[in-house]
Every structure is written in C-alpha cells, then in structure tokens.
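# model this:
(one chain, ligands or ions: 2)
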Amino acid sequence: MQIGIVGLPFSGKTTLFRTLANIHLETSALHKKDANIATVKVPDARLDKLTEMFNPKKKVNATIEIVDVIGIQKGSSASTAFSSHFLTKVRTNDAIIHIVRGFDNEETPHPEGSNDLLRDIRTLEEEFILADLAFLEGRFDKLESDMKKPKSREEAEAEIEVMKRWNEILQSETPLRELEFHNDEQKFLKNYQPLTAKPLLIALNLNESDVSASKEICAKISQSIKGTKVRIEPLFAKIEMELSGLPDEDKEMFMSEYGLTESPLNRLLRHAYDLLGLQSFFTVGEDECRAWTVKKGMNAQQAAGTIHTDFFNKFIRAEVVGYKEFLAAGTLVKCKEKGFLKLEGKEYIVKDGDILNIRHG
Ligand SMILES: Nc1nc2c(ncn2[C@@H]2O[C@H](COP(=O)(O)OP(=O)(O)OP(=O)(O)O)[C@@H](O)[C@H]2O)c(=O)[nH]1
Ligand SMILES: [Mg+2]
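Ligands and ions are numbered 1, 2, ... in the order given. Take a look at the predicted model:
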C-alpha cells in the first residue's frame, strides 16, 4: 500500500516526509531522483498494550509506504502545474495525502502571497480533474480508431460508455471518487488509476498557535469539501519535526505545552490506513506480537493467507478473541474460561483488532 504526499510548493511535504522517516521508519528511506520513499510503521496503541502484556522478543507494526513525489513545476506562472512525470508517479499511489499550507513562514512565503486553505485545496483538485480529463481525451482518440476496426469494435463501444460517464462527472468539476462505480468499471479503474478516484486525506498544515482552533478550522473546511472518500485532518509539521528529535520521556511534556494529548501525525497515519479500507488483526505470543494488515471484509482464511500461503492452503480453523474482550480477561487462558475465545471457520469475517491464532494442517 502506497500513499503519495502531494501539495503545492512550500506546503511542508518534505518536512512531513522527513519526520515520518525519522520516527516511524521501518526500512531505510530511499531517496530517488524523482521521489523519496519510506516504509513507515502505523502507530497502534493496541499493539503497544499487547506488547506490554506479552513482553515478546519482537514487536511488529503494520506498515504503509509513503512517497514524497518531486516534480511540481515552479515558476511564477506555472506554480501549480504538475509535470506529466509527477502525474504518472502519483497514479501508482493507492491514496493521496494532500498537504495544504496553513502556516506562516516569512523565509519561505506562500507562492501565492497569502494562505488560503480552501483556494489551495481547490487548486490541486482542479489540476487533478484536468489531468484526468486529459487522460480521457487520449482514450477517446484511441477508442475512436478502435471503433473502425471490426475486431476491436465491440470492446471499444463498451469502454466508450464508461469513459463518457467519467467525462461527464469530471466536466462538472466533480472528482471521480464521488461516483458509485459499477462492476464493469472496476477493470478500467484498476488499469487507468484516475487521480480523482483515489481516497484523499487533506492535511491542513497549521501554525503552532492554531492547535486549539484546529478542530474548528477543519470543521469549517469540511463544510465546503464533502465526500465519502475524503478526510480532513490537522497537521503541525513543524511541531512534529521537533517532537521527532526528542527523547521519549520528554515528548509528553513538549506536546502538552502546545495543548496536544496525542501526536496529530499518529492520528493522520491511522486515518490514512482507515481511508484505504484497511484494518489490523493481531497475532500474539512470547516470541512476537504483530499487527497484520488486511482489507476490511476479509475472511479468516484470507487473513491467514497474509501470514503465510500455507496457512491459507491448509487452513483448518481460527481461534478468535476481540481486543477488548482480551483486555478484559487479561490472558488467553482466562479468555477460554470465560468463553471469549471462539473457534471460527474460514468464512468468519475478521474484525478490526481481532486476535487470531490460526490452526492449520
Ligand atoms: N512555521 C512552519 N514552517 C514550516 C512548516 N512546515 C514546513 N515549514 C517550512 O516551510 C518550508 C517548506 O517546507 P518543505 O517541507 O520543504 O515544503 P515542500 O512542500 O516539500 O516544498 P517543495 O518540495 O519545495 O515544494 C521549509 O522552510 C520548512 O521549514 C510548519 O508546519 N510550520
Ligand atoms: Mg519538498
């Protein structure tokens, strides 16, 4: 799963990327010519708690890949135009975090001269809509020539129907993520990866002095930016960066000075995970406590398959207890006594936070 960090120039993308790489890095960050890539851990207080209880040799968090895509063309007139290379890169991301500048910084002023959250959100959305429209235009040209050949005619006809529907939505300045996609559209979605169909997390990168007002600021923006696959969250990239350099014991104190109880970045990562339609289940033991990533709606056998293909092929049953029940009981033995530990078959739909033990052949 890969999430792209995008945003207008000087919005704090690289600051966020570096901070994430600092604190949550799983493997070393890759600095390529066109993008910075890092695999980062998804913070999970439940896993921390389980680790405390089992005291295992190893703790393994769920991870997601974060990409700081480089390639926004700068310059006064083209300050918001994306290079085709940039768009190609973002197309391969599963979701997008859009960093919007809401902080003041005289050394690197906002390219537009002033902060305006809504304006910047819309600017980027418009650019993405234009990019999708340009893509469709190319498709229509191709499909038109396909229509002339008897061999490809039927297929082209079907695709044109879908592309027309997408085109109409985009022409009305609506992102594709607002569409309920039909089954016959899924393969096009997968192949073409339109930018405006991707889940979007809008991170408002605010001033340190905005902590207490941040809820209100987000709520206000939410009134104008609606949609099921959009989240709006506050971010304080500068605080986070400073925080990431502190020893653990000083972090709480530092956060409380700003009136923060939880790192907004942790929240952001969890929301990103959720937005992707992902959830975690846990495996626990003295060797290892681990969070595994599965798509919401996956059954026990599929979940077992994420651990090992053998577990999928030779799946017998899963012992399952919910995180809360486990916490209430305290140990797996007590879970058994209380009847919290259930034996489930392969069709069981895994819930977020389930603790699983797979029985296999
Ligand atoms: N005060 C303040 N400054 C910030 C914050 N985030 C970033 N900056 C500063 O703003 C400038 C731009 O930040 P970057 O992280 O480089 O922004 P970017 O989006 O990667 O910029 P480009 O890649 O050049 O488009 C840097 O000087 C940062 O130190 C913030 O939350 N508060
Ligand atoms: Mg940058």
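
# what's the burial count for the residue in the stretch 51-200 of the chain that ligand 1 sits nearest to?
Going by CB to the nearest ligand atom, ligand 1 is nearest to residue 103 of the stretch 51-200 of the chain, at 3.7 Å. In this view, the C-beta of every residue, glycine as well, is placed from N, C-alpha and C. Look at residue 103: counted by other CB atoms under 10 Å, it has 22 neighbours.

# check what pLDDT the residue nearest to it when sequence neighbours are not counted gets.
Leaving out its chain neighbours, the residue that sits closest to residue 103 by CB to CB, 6 or more residues apart in numbering is residue 207, at 4.9 Å. Listed pLDDT for residue 207 reads 94.

# wait, what's in contact with residue 207?
Taking CB atoms under 8 Å, 6 or more residues apart in numbering, we find residue 207 in contact with 102, 103, 104, 236.

# and the gap between the last one and ligand 1?
If you measure residue 236 against ligand 1 using CB to the nearest ligand atom, to the nearest Å, the figure is 6 Å.

# so that residue touches residue 262, yeah?
No: with contact defined as CB atoms under 8 Å, residue 236 does not count as touching residue 262 (12.0 Å).

# these two: who's more crowded?
Remark: of residue 236 and residue 262, residue 236 carries more neighbours, 27 against 11, as counted by other CB under 10 Å.

# can you map out the strands along the stretch 1-150 of the chain?
2-7, 30-31, 35-41, 58-60, 63-69, 95-102 (DSSP state E, counting those that start in this stretch).

# tell me the pLDDT at residue 22?
At residue 22, the predicted lDDT confidence score is 69.

# what mean pLDDT does stretch 104-114 get?
Taken as a whole, stretch 104-114 has a mean pLDDT of 90.

# is that stretch in proximity to ligand 2?
No: contact between stretch 104-114 and ligand 2 is absent, the nearest approach being 10.8 Å (criterion: CB under 5 Å from the ion).

# buried stuff in that stretch?
By neighbour count on 16 or more other CB atoms under 10 Å, the buried set for stretch 104-114 is 110, 111.

# what's the most distant pair in the contacts of residue 207?
Greatest spacing in those, by CB to CB: 104 and 236 (12.9 Å).

# next one: stretch 192-201 to chain centre, how far?
Chain-centre distance of stretch 192-201: 11 Å, with CA atoms, centre = their mean, to the nearest Å.

# quick one: mean pLDDT over that stretch.
For stretch 192-201, mean pLDDT rounds to 93.

# max-length helix in this protein?
Ranked by residue count under DSSP state H, the longest helix found in the chain is helix 117-147.

# could you list the buried residues of that helix?
117, 120-121, 123-125, 127-129, 131-132, 135-136, 139, 143, 146.

# residue 222 touches residue 232, doesn't it?
Yes: if you go by CB under 8 Å, residue 222 and residue 232 touch, sitting 5.3 Å apart.

# quick one: which of those two has more around it?
Set residue 222 next to residue 232 and count neighbours by other CB under 10 Å: residue 232 wins out with 22 against 14.

# next, that one: secondary structure please.
Under the three-state scheme (DSSP: H, G, I helix; E, B strand; the rest coil), residue 232 adopts strand.

# partners of it in the sheet?
Note on residue 232: beta-bridge partners residue 202, judged by DSSP bridges.

# quick one, what contacts it?
Here residue 232 is in contact with 201, 202, 204, 218, 221, 222, 225 (criterion: CB under 8 Å, 6+ apart).

# output these as a markdown table; include the columns secondary structure and distance to ligand 1.
Formatted as a markdown table, those follow (DSSP: H, G, I helix; E, B strand; the rest coil; distance: CB to the nearest ligand atom, whole Å):
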| residue | secondary structure | distance to ligand 1 |
| --- | --- | --- |
| 201 | strand | 16 |
| 202 | strand | 14 |
| 204 | strand | 10 |
| 218 | helix | 15 |
| 221 | helix | 17 |
| 222 | helix | 21 |
| 225 | coil | 20 |
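
# can I get the buried part of those residues as one PyMOL selection?
Applying 16+ other CB under 10 Å to the contacts of residue 232 leaves a buried subset, and the PyMOL line that selects it is:
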select buried, resi 201+202+204+218+221+225
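
# and the longest helix of the chain, how far from the chain's centre?
Remark: helix 117-147 is offset 22 Å from the chain centroid, using CA atoms, centre = their mean.

# contacts (any at all) between ligand 1 and that helix?
No: on the criterion CB under 6 Å from any ligand atom, helix 117-147 is out of touch with ligand 1, staying 11.4 Å away.

# ok and the next helix or strand after that helix relative to helix 117-147, angle-wise?
Remark: after helix 117-147, the chain's next helix or strand is helix 153-171, criterion DSSP states H and E. With axes from the mean of the first three to the mean of the last three CA atoms, to 10 degrees as the basis, helix 153-171 and helix 117-147 are set at 160 degrees to each other.

# what's in contact with helix 153-171?
Residues outside helix 153-171 that contact it (CB under 8 Å, 6+ apart): 129, 132-133, 136, 139-140, 143, 146-147, 176, 178-179, 184-185, 188, 194, 196.

# mind listing the helices for the protein?
For the chain, applying DSSP H gives helices covering 13-24, 45-54, 84-91, 117-147, 153-171, 186-192, 214-224, 237-244, 248-257, 264-275, 300-307, 309-313, 323-329, 332-338.

# what's the closest of these to residue 7?
Nearest to residue 7, of those and by CB to CB, is helix 13-24 at 5.1 Å.
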